[in-house]
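K.L.:
following is a predicted model, sequence given first.
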Amino acid sequence: QVQLVESGGGLVQAGGSLRLSCAASGRTASIVAMGWFRQVPGKEREFVAAILWSGGFTTYADSVRGRFPISRDNAKNTVFLQMNSLKPEDTAVYYCAVADSVMKYATRSYAYYGQGTQVTVSS
């Protein structure tokens, strides 16, 4: 099992920035990739960004590419999402996630999710 704890959400005006953090504990040796997803009420959870734990290769949803760089600190088992130029449509609950296999990473079927942190962007 991997446990995830997110932090850094909040309320921000459009155009502002927030930085999300997610610390992993437990079976961290099983981490292949960490990612961020988001969900708004009534909609399915959507992929935001991911980073491979070895090598640091990153992938992004088109809606956030160039605005939300993802990074990691392997020594602290922590992943970050720097959210810049925020828009009201970025409002959602953001979830940190872990993929413990290449297949789960490739199919975005992550094995573990955190409890989520609310991000609200006002216009």
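P.N.:
It's in.

K.L.:
show me what contacts the nearest residue to Ser17 once chain neighbours are set aside?
P.N.:
Closest residue to Ser17 apart from its sequence neighbours, by C-beta to C-beta, 6 or more residues apart in numbering: Asn84 at 4.9 Å. Any C-beta I mention is one placed from the backbone N, CA and C, and that applies to glycine too. Residues near Asn84 by C-beta atoms under 8 Å, 6 or more residues apart in numbering: 17, 67-69.

K.L.:
Tyr94 versus Asn84, what's the distance?
P.N.:
Asn84 sits 14 Å away from Tyr94, going by C-beta to C-beta, to the nearest Å.

K.L.:
quick one: end-to-end length of stretch 102-122, please.
P.N.:
37 Å (C-alpha to C-alpha, to the nearest Å).

K.L.:
hmm, back to that, now, which of the contacts of Asn84 sits nearest Thr120?
P.N.:
Ser17 (13.8 Å; C-beta to C-beta).

K.L.:
excluding its backbone neighbours, what's nearest the residue nearest to the spatial centre of the chain?
P.N.:
By C-alpha atoms, centre = their mean, the chain has its centre lying nearest to Trp36, at 2.0 Å. Distance criterion C-beta to C-beta, 6+ apart; nearest residue to Trp36, sequence neighbours excluded, is Val48 at 4.2 Å.

K.L.:
check which helix or strand covers that neighbour.
P.N.:
When elements are assigned from DSSP states H and E, Val48 belongs to strand 46-52.

K.L.:
list the contacts of that strand.
P.N.:
By C-beta under 8 Å, 6+ apart, the list of residues contacting strand 46-52 reads 32-39, 57-61, 64, 68, 70-72, 79, 81, 94, 99, 105, 108.

K.L.:
same thing but at 10 Å, please
P.N.:
Strand 46-52 has contacts (C-beta atoms under 10 Å, 6 or more residues apart in numbering) with 20, 31-40, 57-61, 63-65, 68-72, 79-81, 83, 90, 92, 94-95, 97, 99, 102, 105, 108, 110.
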